[in-house]
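A.B. asks: Coordinates only, no sequence provided:
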């Protein structure tokens, strides 16, 4: 646990200035929790309700990233393996595909592994058995059930074997022309981008005139064979080209199996290639050997999507990978236990936080600004992890979700931070780094109850950061003046 922060008075003038910046949030009917510390000394620079737990939105990813680096390590990778017993003539009764939660796999990666299987001598495959037992059963992360009818890809399920971020692309292809007067409307073709055998498409979508309004309805059902049934209806304007929608899959493991079976067919591996899912505890066939493997990017590299682009899927996958570390199935609950240990290591009180998921999506997570600032300080002071942790954060005015914010900072100053946005939440937490002689500050700004005031609240967060930088800049100038006066006095004394 870090040493206690020294007892130092907060600059009264600076505190009044920063409090005035935060004050309008209460006028919105909202609440702000703000905490700023010197990362070297731990001295509190400013605090406003810093110990009040609020919904952090995507600032929750700061705790997830810290926990992933501390538990998994920056250089660790998730390995996806394909095993089987190749019999004479290239027959493989069962291919077993096992995964460790790689969130980056795409159809193209599965094609590469399928070629490795073929090059290992496989010519026909009876069964593709998907072994996702390293994680749970491929369910929605906690709190994602708050929008049960939402099919968008941003709330995809997690699984130890995941491809295309557990989402598919539904493509609608209208006819070139609508039917003539008195003629029935021609159908609109419907297809998916990958894993077609996983889907059962029932479509009554038609092609309308070129000026007809696009109306498409889509709902998910499960057919008797366990496939995901897509019920599509509506009207698509003629000549509008391919129209695409990206939506989540309901059963990630079966979808992965369908995409991999499809990849085998594309590289010339024949056979039934029927897809099954290994149950937890079920034995594997004997005599399997490694036929193909794929290493994920390092954990440090995976964090870029989470920190700079605020990717929810990567956050939830990493949380379960943390949960799987050391044995046992990876679950969100086990990952959250590790998050609590990170808070303890940072000197924050885990009992003052409610931790639900790794991404901060939806309602449920509650954490205070001082706890986030403690985590930021912990990671900055860890020389073995600092570079990777700071690198995954957006650079103000340069990239990520801060690419167009805080663009005109004074020379020598930089802000690396994580944004957060929900209907009722605006958050910004990270680091202010200055030139030599300036303090490095860790700050956390959490505002709740600001629905309809997003722009104004973001502006207040940015103004707070700019005021902190201005104060540090003024302190540097005073230090330089004192140094200059001291040098001049020393010169006179020497003469």
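C.D. replies: Looks like it arrived, so ask away. None of the values given here were measured: they were computed from a predicted structure.
A.B. asks: What's the per-residue pLDDT of residue 81 here?
C.D. replies: At residue 81, the model reports a pLDDT of 98.
A.B. asks: what's the answer for residue 395, then?
C.D. replies: Reading off the model, residue 395 has pLDDT 97.
A.B. asks: Do I have it right that it meets residue 404?
C.D. replies: No - with contact defined as CB atoms under 8 Å, residue 395 does not count as touching residue 404 (11.7 Å). Using the backbone N, CA and C atoms, a C-beta is placed for each residue, glycine as well.
A.B. asks: Same drill for these two, tell me which one is more crowded.
C.D. replies: Set residue 395 next to residue 404 and count neighbours by other CB atoms under 10 Å: residue 395 wins out with 18 against 9.
A.B. asks: For the more buried one, list each beta-bridge partner.
C.D. replies: The partner list for residue 395 in beta bridges (DSSP bridges) reads residue 416.
A.B. asks: and residue 280, how many neighbours does it have?
C.D. replies: By other CB under 10 Å, neighbour count at residue 280 equals 10.
A.B. asks: pretty sure it is in a helix, no?
C.D. replies: No - counting by DSSP: H, G, I helix; E, B strand; the rest coil, residue 280 is not part of a helix but coil.
A.B. asks: The closest residue to it other than its chain neighbours and residue 219, how far apart?
C.D. replies: Of all residues not flanking residue 280 in the chain, residue 133 sits nearest, at 5.0 Å (CB to CB, 6 or more residues apart in numbering). Distance, residue 133 to residue 219, by CB to CB, to the nearest Å: 30 Å.
A.B. asks: and what of residue 239?
C.D. replies: 27 Å.
A.B. asks: Heading C-terminal from the lowest-mean-pLDDT helix or strand in the chain, find the next helix or strand.
C.D. replies: Every helix and strand in the chain was compared by mean pLDDT, DSSP states H and E; the lowest is strand 215-222, with a mean of 74. Of the helices and strands lying after strand 215-222 in sequence (DSSP states H and E), the nearest is strand 228-237.
A.B. asks: Mind giving me the packing neighbours of that following strand?
C.D. replies: On a contact count with 3 or more CB pairs under 8 Å, 6 or more residues apart in numbering; DSSP states H and E, strand 228-237 meets strand 167-173, strand 189-192, strand 199-203, strand 206-208, strand 215-222.
A.B. asks: most tightly surrounded among the ones you listed?
C.D. replies: Ranked by mean neighbour count, those are led by strand 206-208 with a mean of 23 (mean count of other CB atoms under 10 Å).
A.B. asks: And it, what does it pack against?
C.D. replies: Going by 3+ CB pairs under 8 Å, 6+ apart, strand 206-208 lies up against strand 228-237.
A.B. asks: List the buried residues of whichever helix or strand comes after the strand it packs on.
C.D. replies: Going down the chain from strand 228-237, the next helix or strand is strand 243-248, by DSSP H and E. For strand 243-248, a neighbour-count test (16 or more other CB atoms under 10 Å) marks 246-248 as buried.
A.B. asks: And these, which is closest to residue 71?
C.D. replies: residue 248 (27.0 Å; CB to CB).
A.B. asks: Was I right to think the closest one contacts residue 149?
C.D. replies: No - judged on CB under 8 Å, residue 248 makes no contact with residue 149 at a distance of 11.9 Å.
A.B. asks: give me the beta-bridge partners of residue 81?
C.D. replies: residue 98, residue 293.
A.B. asks: need the contact list for it.
C.D. replies: Contact analysis of residue 81 by CB atoms under 8 Å, 6 or more residues apart in numbering lists 97-99, 290, 292-293.
A.B. asks: cool, and residue 162?
C.D. replies: Contacts of residue 162 (CB under 8 Å, 6+ apart): 99, 101-103, 105, 252, 256, 317.
A.B. asks: List the contacts of stretch 396-409.
C.D. replies: When contacts are defined by CB under 8 Å, 6+ apart, stretch 396-409 is touched by residues 307-310, 393-395, 414-419, 458, 462, 465-466, 469.
A.B. asks: Report whether residue 419 is found in a strand, as I expect.
C.D. replies: Yes - applying three-state DSSP, one finds residue 419 inside a strand.
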